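Participant: show me how the following folds:
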Amino acid sequence: MSTAIPVRATINYTVDNGVSPDYYFYEPEPEVKLNPPGTDPRAVEIHDAWPRVNELSADREGFELHPFGASFDQFDDEPSVKTRFYPQVVEFVKRHTGAKRVEVFDHTIRKRLPADLKQQTDVQRPAVMLVHSDYTPDSGPQRVRDIVPDDADDLLGRRVAFYNVWKPLYRRVEELPLAMCDARTQDNADLLLMQLKYRDRTGEIYVLRYSAKHQWHYFPQMDASHALLLKTYDSMTDRARFMGHTAFEHPDTAADAPRRESIEVRTMAFF
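Facilitator: Numbering: from 1, shown residues only. A predicted model of the protein is given here:
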């Protein structure tokens with residue numbers, strides 16, 4: 001793959017039809033009229049971010065990349081992931097954000113699996129081929145209340161930010177790389193609230209409508225020695241708050257390229 005010339009690839013935006021898109025984690029009643037996301041595929045240029053790696057800021061562009069020096073190779077052992085890998089992630093987030101407290105609340109291992117999320121486990125799922133950001137001004141604070149209920153009122157009185165730490169498991173990513181939209185090129189109007197329908201509750205995230213202003217970036221041939229820090233929510237309004245991202249099919253991926261295996265660990269940081 002070339003690392004110098006932008007790649008042109010198709011990513012899945014969502015049509016802004018005035019109705020909140022939705023995704024059901026169960027089979028809805030037949031009379032329910034569905035309004036699914038990802039209905040507006042667009043060809044966009046996605047730029048190699050390696051030349052700017054030392055300039056990027058999660059508070060400005062919404063993402064940055066750093067060496068992840070700690071070694072860990074037991075990603076198939078969930079208890080070990082939680083007891084040994086989570087602390088490495090906490091230290092990584094503290095070091096690169098200045099947060100005083102960091103809580104890890106879950107992780108997902110992404111592999112090329114069947115596209116139907118309903119058939120996946122809570123931990124292993126396919127790569128998400130949808131332009132989205134994980135939280136909204138309502139669902140971010142609610143997640144704090146869900147995870148640290150006893151401290152939530154105090155913590156929500158100060159700055160709170162959510163970061164995903166994304167990295168390859170064992171080897172470099174040669175297919176389905178992750179693309180990030182420079183948050184400065186998103187308008188608030190581009191963020192469409194999407195409802196996540198569970199039987200017992202309704203959650204929400206953002207999906208994005210297309211804009212020619214969006215500038216997309218990725219790190220080709222990223223390997224397990226680095227990790228991405230992705231901003232998915234920030235209580236402060238004077239910086240990047242919600243950063244659109246998606247996996248995408250790279251047109252130059254070799255037919256025999258190793259299948260992508262990555263992990264994303266979701267954290268909340270308190271300042």
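
Participant: so where is the stretch 101-250 of the chain shaky, pLDDT-wise?
Facilitator: Counting by pLDDT under 70, the stretch 101-250 of the chain contains low-confidence residues at 112-125.

Participant: tell me the contacts of Glu264?
Facilitator: Listed by C-beta atoms under 8 Å, 6 or more residues apart in numbering, the contact set of Glu264 reads His107, Thr108, Arg110, Asn164, Val165, Trp166, Leu230. (C-beta placed from N, C-alpha, C; glycine too.)

Participant: got the phi and psi for it?
Facilitator: Main-chain torsions, Glu264, degrees, to the nearest 10: phi -120, psi 130.

Participant: likewise Arg84?
Facilitator: Dihedral angles (degrees, to the nearest 10) for Arg84: phi -110, psi -40.

Participant: thinking again about what came up before, with respect to Tyr198, which of the contacts of Glu264 is nearest?
Facilitator: Thr108 (16.8 Å; C-beta to C-beta).

Participant: adjacent strands (with direction) for the helix or strand where that closest one lies?
Facilitator: Using DSSP states H and E, Thr108 maps to strand 101-111. Note on strand 101-111: by DSSP bridges, its sheet partners are strand 124-126 (parallel), strand 261-270 (antiparallel).

Participant: between the ones you listed, which gets the lowest average pLDDT?
Facilitator: Of all these, the minimum mean pLDDT falls on strand 124-126 (a mean of 63).

Participant: after that one, next one along is what?
Facilitator: That would be, after strand 124-126 and using DSSP H and E, strand 132-133.

Participant: identify the residues contacting that next one?
Facilitator: 37, 191, 194, 205-208, 232-233, 242-246.

Participant: ramachandran angles for Val90?
Facilitator: phi -60, psi -50.

Participant: contact partners for it?
Facilitator: With C-beta under 8 Å, 6+ apart, Val90 has these contacts: Val102, Val104, Thr267.

Participant: cool, and Gln88?
Facilitator: Contacts for Gln88 were tallied using C-beta under 8 Å, 6+ apart; they are Phe68, Ala70, Phe72.

Participant: so which bits of the host helix or strand of it are buried?
Facilitator: Take DSSP H and E as the rule and Gln88 turns out to sit in helix 86-97. For helix 86-97, the neighbour count (16 or more other C-beta atoms under 10 Å) marks Tyr86, Gln88, Val89, Val90, Phe92, Val93, His96, Thr97 as buried.

Participant: likewise stretch 167-180?
Facilitator: Neighbour counts over stretch 167-180 (16+ other C-beta under 10 Å) mark Lys167, Pro168, Leu169, Arg172, Val173, Glu174, Glu175, Leu176, Pro177, Leu178, Ala179, Met180 as buried.

Participant: just the CA atoms of it, as CSV, please.
Facilitator: C-alpha atoms of stretch 167-180 as CSV (Å, rounded to 0.1, in the frame of the first residue of the first chain):
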residue,chain,number,x,y,z
LYS,A,167,-4.6,-1.0,18.6
PRO,A,168,-3.8,-4.2,16.6
LEU,A,169,-3.6,-7.4,18.6
TYR,A,170,-0.5,-9.1,17.4
ARG,A,171,0.5,-7.9,13.9
ARG,A,172,0.1,-4.9,11.6
VAL,A,173,-3.3,-4.1,10.2
GLU,A,174,-3.4,-4.8,6.4
GLU,A,175,-7.1,-4.8,5.8
LEU,A,176,-10.1,-2.9,7.2
PRO,A,177,-8.0,0.0,8.6
LEU,A,178,-9.6,2.6,10.8
ALA,A,179,-10.4,6.1,9.4
MET,A,180,-10.8,9.2,11.5
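
Participant: and the residue lying closest to Gly98 once chain neighbours are set aside, how many neighbours?
Facilitator: In space, and not counting its chain neighbours, Gly98 is closest to Phe271: 7.0 Å by C-beta to C-beta, 6 or more residues apart in numbering. Using other C-beta atoms under 10 Å, Phe271 has 14 neighbouring residues.

Participant: same thing with Thr202?
Facilitator: Thr202 has 10 neighbours, counted by other C-beta under 10 Å.

Participant: cool, and Ala254?
Facilitator: Ala254: 10 neighbours (other C-beta under 10 Å).

Participant: cool, the one 5 residues further on as well?
Facilitator: Neighbour count for Arg259, taken as other C-beta under 10 Å: 12.
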